[in-house]
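S.K.: Sequence unavailable; structure follows:
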């Protein structure tokens, strides 16, 4: 008989090897360091400029934001803050961050700061972003950018009045697969789009912080990614105004996972998103995306492989390391490429908040209008001024 401890070690080694074949050794080393928090420094030369502040030193801030900043810029993070002091301390030791701040305000007052990255809990994103924008700083805020309509209006208003720039952590549009697909779709005449996203997500326990009512449900925490992708794809040509939305959940008591979302536009566009979390995927979140417009069909398999059929032509590409778009998304503030149109993020956020409200009210059907949502946003901003 194999002992339980031996079985766990075997699974751990198997997962480590599997992750290495997916993400590459450097990224996996960062992921492991983010989990273990041994405080061992990464051998990275200190650059002449340290102008980045990081709010939120958890696994994503460490293993994803920290990894891509280090790879592109070295030890460029000047200051960090987390409500968990141990998380901030261990990240600072590993990434050679000179200042561990006792508060977000202290971090925002760091001399020479240019950009603030926000990877804290979802309900805090908008508030931290508003405070950074009000200081004229560039801000990268992880998804979701807001978890309710009031936060959303405050954030948009702050972005409009700030000399700083605002970027969002919705990364799928930055993936190599989606960028490649856009080139094929551009060859089609304008016409309706079909998009299907099947997502096998993490199992979250009843006490997981995503479950707290203030955090916006898994619609904000997870599904917002694929709603944003849908809006991005529709924006390749003319965006429709109205969507007919239908929700089907497996459990009335737990409607924000094991959930189907179906949307149809007046242009004939169709989108179906399924989030299932019935068992923990061995390799983490796994997703399969199908796309069709005219004679172009495509399948994106976990952002590791993509096949496109364009009429009689068939092309396949593999992506190693796995490319979900994190690198390009995270480095937006320092990129020379044209910035993503922020209006897409506003529209996808409005749609996400509408569906979040449907889930909370257990409302299976609804109509959504981008024009009406924009008018409501403007009214909230005007009322707050």
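M.R.: Ah, there it is. Since we're looking at a predicted model, the values are computed, not measured. Residues are numbered from 1 along each chain as shown.
S.K.: rest of the way, CA atoms for contacts and neighbours
M.R.: Noted.
S.K.: mind checking how far residue 21 is from residue 267?
M.R.: Using CA to CA, to the nearest Å, residue 21 is found at 41 Å from residue 267.
S.K.: err, residue 200, not the other one
M.R.: Taking CA to CA, one finds residue 200 at 29 Å from residue 267.
S.K.: Who has more neighbours out of the two?
M.R.: Under the criterion of other CA atoms under 10 Å, the comparison of residue 200 against residue 267 puts residue 200 first, with 20 against 15.
S.K.: any idea how far residue 276 is from residue 285?
M.R.: 10 Å.
S.K.: for residue 138, same thing?
M.R.: 30 Å.
S.K.: between the two, who's got more neighbours?
M.R.: For residue 138 versus residue 285, the count of surrounding residues by other CA under 10 Å is larger for residue 138: 24 against 14.
S.K.: Residue 125: neighbour count?
M.R.: For residue 125, the count of nearby residues is 25 (other CA under 10 Å).
S.K.: what about it, which helix or strand?
M.R.: Element membership for residue 125 (DSSP states H and E) is helix 125-133.
S.K.: try residue 180
M.R.: Applying DSSP H and E, one finds residue 180 within helix 176-185.
S.K.: Model confidence score at residue 318, please.
M.R.: Note on residue 318: pLDDT of 97.
S.K.: gap between the nearest residue to residue 327 once chain neighbours are set aside and residue 95?
M.R.: Closest residue in space to residue 327, ignoring its immediate chain neighbours: residue 68 at 5.9 Å, by CA to CA, 6 or more residues apart in numbering. Using CA to CA, residue 68 is found at 12 Å from residue 95.
S.K.: Over to residue 364?
M.R.: From residue 364 to residue 95 the distance is 46 Å (CA to CA).
S.K.: Of these two, which one has the most company?
M.R.: Each of residue 364 and residue 95 has its neighbours counted (other CA under 10 Å); residue 95 has more, 24 against 14.
S.K.: I'd guessed the more buried one sits against residue 37; true?
M.R.: No. Residue 95 is beyond contact range of residue 37, at 11.3 Å (criterion: CA atoms under 8 Å).
S.K.: re earlier: list the residues that contact both of residue 276 and residue 285?
M.R.: 199, 200, 201 (CA atoms under 8 Å, 6 or more residues apart in numbering).
S.K.: list the contacts for the last one?
M.R.: Under the criterion of CA under 8 Å, 6+ apart, the neighbours of residue 201 are 275, 276, 277, 280, 281, 284, 285, 286.
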